[in-house]
Every structure is written in C-alpha cells, then in structure tokens.
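Q: Turn this into a model:
(chains A and B)
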Amino acid sequence: MQTFDLEAQGLRALNAALHALKGQTNMTAWEVVNPRGAHAIAAGVDALVDVTVRGSTGYYCAGMNKLATIRVKGSAGPGVAENMMSGTVIIDGDASQYAGATGRGGLLVIKGNASSRCGISMKGIDIVVHGSIGHMSAFMAQSGNLVVLGDAGDALGDSLYEARIFVRGRVKSLGADCIEKEMRDEHYAALEDLLRRGEADAKARPEEFRRYGSARKLYTFNIDNASSY
Amino acid sequence: MTDLPRTPPRYSATFTPAVNAEIRRAAATGIYDIRGGGTKRHLPHFDDLLFLGASISRYPLEGYREKCATDVWLGTRHAKKPIHLEIPVTIAGMSFGALSGPAKEALGRGATMAGTSTTTGDGGMTEEERGHSKTLVYQYLPSRYGMNPDDLRRADAIEIVVGQGAKPGGGGMLLGQKISDRVATMRNLPKGIDQRSACRHPDWTGPDDLEIKIMELREITDWEKPIYVKVGGARPYYDTALAVKAGADVVVVDGMQGGTAATQDVFIEHVGMPILACIPQAVKALQDLGMHRKVQLIVSGGIRSGADVAKALALGADAVAIGTAALIALGDNDPRWEEEYQKLGTTADAYDDWHEGRDPAGITTQDPDLYSRFDPILGGRRLKNYLKVMTLEAQTIARACGKNHLHNLEPEDLCALTIEAAAMAGVPIAGTSWIPGRTGF
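A: As a prediction, this is how the structure comes out:
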C-alpha cells in the first residue's frame, strides 16, 4: 500500500505519480490521506490500480478515469468521474452536481445522494445512486444506465437520447421527450447486474424499479414540437 | 389618347424582395432558415482601415533583403510545451461531421506545410487530421463528442470552446443527413437523427468553475499543453479578462463574420459583434491586466488576406485563425461546380447549405460519392499556397511600415476610412487625429 499525504506532497505530485503507473503492474494499491476537498484528485489515471481517498474531494475527482478503481471515503464535489472511460469510482457519501457527466464507460457508484445534473450527457457510463438525485439529471444523456434507488428531481431525462434510466422512488417530473417505458426481461436482468455491481443488491430488487427512456419525438426537428424545447 | 406618365414600381427599403421571400418561405415551411457560414451583412471591417506606410518620420525595410519575421509562440504562460508556429495564421476549429475526412486531411496537410496549426471541432479527433497535422489543437466543447484522455494527451494544445462568433450563446447542430455511420459512432448517437450540441458545458458554470476545469485539464495532461479559451465576439473585454483570470494561456476571440457548419440565419445575422470591434477590447483587457503578449490573443472572423492579418496584428493580436477562407482555398464554392450549384438552387460563392451535406466540392459533406471528388493532397497544396501568400502580403505591409516582425505592427500604423471603423478600431480617421469616443472634435 502506497500512502500519499496530499496536504504535505501536493496534487501535482500525486497525479504525476498515478499517471506514471500506466503499464505497470506493481504498486497497485494507493491511499490518499488529507484530501481536504482538493480538486482533480486522481484525475486522468490510466492503470489497473486501486486508489482510496480518505476524506472528501473537490471538483473533478477521478476525471477521465481509465481502468482504475477509485474509492472516496467521504463525499465528492462537482463533476466526480466526469468523462470516465472505464474502471470503477465509488463514493461513500454524497456527490455534488454533474456526477458522471459525459462518462463514456465504467461504473460510478454513489452511496449517498447525488445533486442536480447527475449523468448529464452521459455516453455509456453506468451510474448507480443509492439515494436520490437532483433536477435535470440525465439531461441529453446519450447511452449507458442511470439507476436510482431513491427519488428523482424535476425534468428527469430532458432531451434524452438512448440512455436508460431506472428509478425506484418518485420522479418529480419528466423532461422533454422522456417517458416511462415497459420493464421487460432484458431490463430486469440488466438491472440485477447493475445493482450487484453497484453494491446495492441487498437494498433493492429489480422489480421495484420503473424504467424511463426517450420517446424519440425530438430526434428530427419538427416545428409542431417547438413548444417541447 | 396619349400615355400618361406612370409611377414606376418602387420596392420598399423595409420589405425588400429578399425580406418578402423569407416571409413566404417561413410561412410555407414553418421552420426558420438554417445555413452554414458567417454573417453576410455589410459590417465595418478591415477594409475600412488603411496602413500609413513609412515616410520621412518612419523608415521602411527593404522588401527583398531585410528580414521581417513572422513566427509566434503560443502558450508561454503556463504550458511546459508551448507551441511555436512559423506564421501567425492558424486554421480554426471545424468538425469532422461538418467536414469530410479528406477535407480535414487537407487542412492538416496545408497547415503543416505552411508551418502552422489546425484545430479539431465538435466531433472529436480523426486520424486523418492528427496524422497530417504537425501541430493540432484539440477542442474541448460542451457536447464532448469523442472526448477522451488519450486524444487530449496526443494533442499539441487544448482549446476550451465557450462560444463562437457565428452564434455566441448558441449550441451546435448537425442535421441527420450528415450523421453517417462513422459520425454516429464517434458521437455515440443514433445514425440519421438531427444532432444537437449543448450551448453550455455540462460540468462547469461561470469563470470560477472554468478556473478549476482548466486546472483539471492541466493535471490530466501533466501541465504540458497550452490551454486556449475561445469565446464568441459578445463582450470581449470581460470575456478576455475572465479567461485570463481563469488561467488561460491563449484567448481566442471570434467575431460574427466567423462561420459555422449550421445554425439559424437569424442567429448568424443578429447576434455578436464584428471582429473589428472585438480586437481592441480584448487587447485592452490584456493590457489592463498586464498580460498583453504574455497571454496570447488569436482573433478570427472574416480574415481573408495578408492585409487583414497585418491589420489584426497591428491592433494587438498575436495571431489570427481562418475557417471560411481556408475552405475556399480548398475549393469550396468554386465556379467549376456552377452547374451543380444551380441544381441546388444557388450559385458559386453564395452556396451556404453546408448542413445539407450535398456540397458539390466534396468538402462539407459525408457523402462518399461527393467527398471522393476532393483530392486532399491537391487541397492541402492549395491551402499551403494561400497561407504563404497571406504571409508574404502581411510581410510586405510590415516592411513598408518599417517593422522587422509582424508583431511590431501597431495601431499607430493605421488610419480609418469611416467613423464607425475609427471608433471600433480606436484609430484616427484618415487625415485627422480624431478617434471617435476617445478624442474631442
């Protein structure tokens, strides 16, 4: 286990050390202490390593992550795991705005709540939120899965493309072109897998969820839909 | 019976035939007009400025013997690896999707031969462009189509796009007919749908967030890459100042003459400011912060010739970017395709339906039959020639003003032909010392 004191050694040294791990197979376990809400902790990692951050993080923790498993033993600021490519990011506490924004792959697990715009413009990432999510989540979401064990705020899935949204609790309102869709066997199976990987299988069962997706009415511009925009 | 004199038909200056035609088109279709390119209205522009040249009080340089340097460094503020270009004319961001793969290749070839950079666009980085561009600027856009850390690291610079001159405050659009299999895959969207790009970035809002976003991108790329911030010409003084405060290495200001792949005509024609009005404001912001020449300024929008380059630099820019002019150099809107332009209901030099993907020149299209007409090697050579001519023209003017580097041109080398241009550019009207808004009558 490599222990890195962020307060003493600084962010640049941490990220440089993590970036240098690309292609290496040793030093796979890292612990970051004294994060004190710093921004861009473990951003741009591209290696099969485990990084545990002991405390809360600022903006863009695990930004553009590839391959790594990054755990935050606290809460995460805005844009956690933004544009993640692969790997796993687990937040023990809550996540601020834009969690998983534009993520292209991998798994983001938020064990508390996520604020507004969770999964905005997601492009393939899977996100499992154990609590609730704020307004405008999955705005313009293109692909991937957003699983919410709690409630969703206003305008869920506004201008959605092909991402799938599963919500167990109440949805305050749906955004433009987002509709409830039938849960079929394939969705139950996918959800079961997501709950298991998201460490939520003990908390919820697939049949408790409802599925939301795109009505695809805004895919081609039509003046008669202008009031929907 | 004698013929009485009749009042001849008189067109309204308000309801012109063109205005009426647009009303009829809107009434018939129920949709606003979408097109490519930049504004077509008449605006105060570089044509309204003249160089004074050397005389008794200024000493010219010999045109064929004395050196006039043209190089520029970009990104010297923070980046470990700033960019060094041989000429101060860069290629502006244009997306793969809006342009064909061969057209992107040609831009890379031409720019590289001329010693300058090219820029990706809203659609990610293509191998054609990376492979043929010695210096490639990778745009970081609200849509984040194709965005990934590997391409960030193999770029030579990163340009955070806040806005563009054709549509400050607007997002992008790429209509379904241009969403081919390859474009759809790169953008992670279903094939054939009308694709919208957001007008705001998904994970930051405002200048304080931008500062953190820039820091994140620097961390991901180990502080190697210059980071540009591009804004549309809306509030250039404040936008430049805020970009500098946020940590930009380079600020790019794009005036309303700058083109777009597709947006509403009403947006193109009625939002934003001409580049002439933007440059002095951006320069003043840099000077007020003590950052002029430390944070570099690139300006774009309607740059056509070496004279335009020289005028932009004289007003304080470090470099310019060209988009529309580069496409014309490649062969866009060429009269050789007139017969086909006529079939599309237009004519050479007026064709702007780039969003429809039926470009006879094979440049703004994803149709293999059309883009196979375009030869990227020849196109690259034409672009190189054009860039060289622009540089020679700018050097000619600079030498005549007694300058041994294009960056030594200054506002004092200029005068204006109109009150509007004088006020915007902050230079006196020809034959006077009057700068409207600065000096008294």
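Q: For chain B, what is the nearest residue in chain A?
A: residue A:44 (3.3 Å; CB to the nearest CB). Heads up, the C-betas are built off the backbone N, CA and C, glycines and all.
Q: hang on, isn't that residue packed against residue A:19?
A: Yes. Counting by CB atoms under 8 Å, residue A:44 does reach residue A:19; the two are 6.2 Å apart.
Q: Mind jotting down where the strands sit in chain A?
A: For chain A, the strands defined by DSSP state E cover A:2-5, A:29-33, A:50-54, A:69-72, A:88-91, A:107-110, A:123-129, A:143-148, A:164-167, A:178-181, A:210-214.
Q: Minimum distance to residue B:365: which of those strands has it?
A: Comparing these against residue B:365 with CB to CB, the closest turns out to be strand A:123-129 (25.3 Å).
Q: now the angle from the closest one to strand A:143-148?
A: Here strand A:123-129 runs at an angle of 10 degrees relative to strand A:143-148 (axes from the mean of the first three to the mean of the last three CA atoms, to 10 degrees).
Q: re the thing from before, any chance of a markdown table for the strands of chain A, columns mean neighbour count, mean pLDDT and distance to chain B?
A: As requested, these are exported to a markdown table (neighbours: other CB atoms under 10 Å in any protein chain shown; pLDDT from 0 to 100; distance: least, CB to the nearest CB, whole Å):
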| stretch | mean neighbour count | mean pLDDT | distance to chain B |
| --- | --- | --- | --- |
| strand A:2-5 | 15 | 96 | 15 |
| strand A:29-33 | 19 | 97 | 14 |
| strand A:50-54 | 21 | 98 | 14 |
| strand A:69-72 | 25 | 98 | 14 |
| strand A:88-91 | 25 | 98 | 14 |
| strand A:107-110 | 28 | 98 | 13 |
| strand A:123-129 | 27 | 98 | 5 |
| strand A:143-148 | 26 | 98 | 6 |
| strand A:164-167 | 26 | 98 | 14 |
| strand A:178-181 | 17 | 97 | 15 |
| strand A:210-214 | 21 | 97 | 10 |
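Q: burial count for residue B:359?
A: A count of neighbours around residue B:359, defined by other CB atoms under 10 Å in any protein chain shown, yields 30.
Q: Quick one: residues contacting it.
A: Going by CB atoms under 8 Å, 6 or more residues apart in numbering or on different chains, residue B:359 touches B:332, B:351, B:365, B:370.
Q: Flag every buried residue along the longest helix along chain A.
A: With DSSP state H setting the assignment, residue counts place helix A:185-197 as the longest helix in chain A. Going by neighbour count (16 or more other CB atoms under 10 Å in any protein chain shown), the buried part of helix A:185-197 is A:187, A:188, A:190, A:191, A:194, A:195.
Q: Including distance to residue B:77, could those residues go into a markdown table?
A: Shown next, in a markdown table, are the buried residues of helix A:185-197 (distance: CB to CB, whole Å):
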| residue | distance to residue B:77 |
| --- | --- |
| A:187 | 51 |
| A:188 | 54 |
| A:190 | 48 |
| A:191 | 49 |
| A:194 | 44 |
| A:195 | 48 |
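Q: could you measure the residue of chain B found nearest chain A against residue A:60, distance?
A: As assessed by CB to the nearest CB, chain A sits closest to residue B:220 within chain B, at 3.3 Å. From residue B:220 across to residue A:60, the span is 9 Å (CB to CB, to the nearest Å).
Q: more crowded one of these two?
A: More crowded of residue B:220 and residue A:60, by other CB under 10 Å: residue A:60, with 33 against 24.
Q: measure that one to residue A:131 for me?
A: Residue A:60 is 21 Å from residue A:131, by CB to CB.
Q: do residue B:249 as well
A: 40 Å.
Q: out of these two, which sits in the more crowded spot?
A: The neighbour count for residue B:249 versus residue A:131, taken as other CB under 10 Å, is higher for residue B:249 (26 against 17).
Q: didn't that one look like it was pressed against residue B:298?
A: No. The pair residue B:249 / residue B:298 is not scored as a contact, 11.0 Å apart, by CB under 8 Å.
Q: which residues are common contacts for the two?
A: With CB under 8 Å, 6+ apart as the test, residue B:249 and residue B:298 both reach B:74, B:228.
Q: In chain A, where is pLDDT below threshold?
A: Scanning chain A for pLDDT under 70 picks out the ranges A:223-229.
Q: So which residues of it form helices?
A: Going by DSSP H, chain A shows helices at A:6-9, A:11-19, A:185-197.
Q: about what we covered before: please work out how many residues are found near the residue of chain A closest to chain B.
A: 25.
Q: For the closest residue in space to it that isn't next to it in sequence, what are phi and psi?
A: Among residues not flanking residue A:44 along the chain, residue B:220 sits closest, at 3.3 Å (CB to CB, 6 or more residues apart in numbering or on different chains). Main-chain torsions, residue B:220, degrees, to the nearest 10: phi -60, psi -40.
Q: Might you report the residue contacts of residue B:220?
A: A:15, A:40, A:43, A:44, A:63, A:64, B:149, B:152, B:153.
Q: What's the PyMOL line that selects buried ones from the residues you listed?
A: Per 16+ other CB under 10 Å, the buried members of the contacts of residue B:220 correspond to this PyMOL selection:
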select buried, (chain A and resi 15+40+43+44+63+64) or (chain B and resi 149+152+153)
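Q: Serialize the contacts of residue B:220 to a markdown table and add fields for distance to residue B:361.
A: Formatted as a markdown table, the contacts of residue B:220 follow (distance: CB to CB, whole Å):
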| residue | distance to residue B:361 |
| --- | --- |
| A:15 | 46 |
| A:40 | 44 |
| A:43 | 42 |
| A:44 | 40 |
| A:63 | 40 |
| A:64 | 37 |
| B:149 | 35 |
| B:152 | 32 |
| B:153 | 34 |
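Q: Could you list the low-confidence segments of chain B?
A: B:1, B:441.
Q: Tell me where the longest helix sits in it.
A: Under DSSP H, chain B gives helix B:376-400 as its longest helix.
Q: Give the other helices and strands that that helix contacts.
A: strand B:89-91, helix B:101-114, helix B:127-132, helix B:306-314, helix B:324-330 (3 or more CB pairs under 8 Å, 6 or more residues apart in numbering or on different chains; DSSP states H and E).
Q: Can you list the neighbours in contact with the last one?
A: Contacts with helix B:324-330, where a contact means CB under 8 Å, 6+ apart, come from B:37-38, B:91-92, B:94, B:99, B:103, B:106-107, B:110, B:258-259, B:302-304, B:333-334, B:361, B:363-364, B:374, B:379, B:382-383, B:385-386.
Q: For the stretch 51-200 of chain B, which residues are neighbours of chain A?
A: Those residues of the stretch 51-200 of chain B that sit near chain A, judged by CB under 8 Å from any CB of the partner chain, are B:143-144, B:147-149, B:152, B:175-176, B:188-190, B:193-194, B:196, B:198.
Q: can you tell me which of those residues are in helices?
A: Going by DSSP H, the helices hold B:149, B:152 from those.
Q: Nearest to residue B:73 among the residues of the stretch 51-200 of chain B next to chain A?
A: Closest approach between those and residue B:73, by CB to CB: residue B:152, at 21.3 Å.
Q: excluding its backbone neighbours, what's nearest the closest one?
A: Distances taken as CB to CB, 6+ apart put residue B:221 closest to residue B:152, at 5.7 Å, once the chain neighbours are dropped.
Q: Surely the one you found and residue A:44 touch.
A: Yes. Counting by CB under 8 Å, residue B:221 does reach residue A:44; the two are 7.4 Å apart.
Q: From what I see, residue B:204 and residue B:212 are in contact.
A: Yes. Counting by CB under 8 Å, residue B:204 touches residue B:212, with 7.1 Å between them.
Q: Compare those two and say which is more crowded by neighbours.
A: More crowded of residue B:204 and residue B:212, by other CB under 10 Å: residue B:204, with 26 against 21.
Q: Excluding chain neighbours, what is closest to that one?
A: Per CB to CB, 6+ apart, closest to residue B:204 is residue B:213, 4.6 Å.
Q: likewise residue B:122?
A: Spatial nearest neighbour of residue B:122, excluding adjacent residues (CB to CB, 6+ apart): residue B:95 at 4.3 Å.
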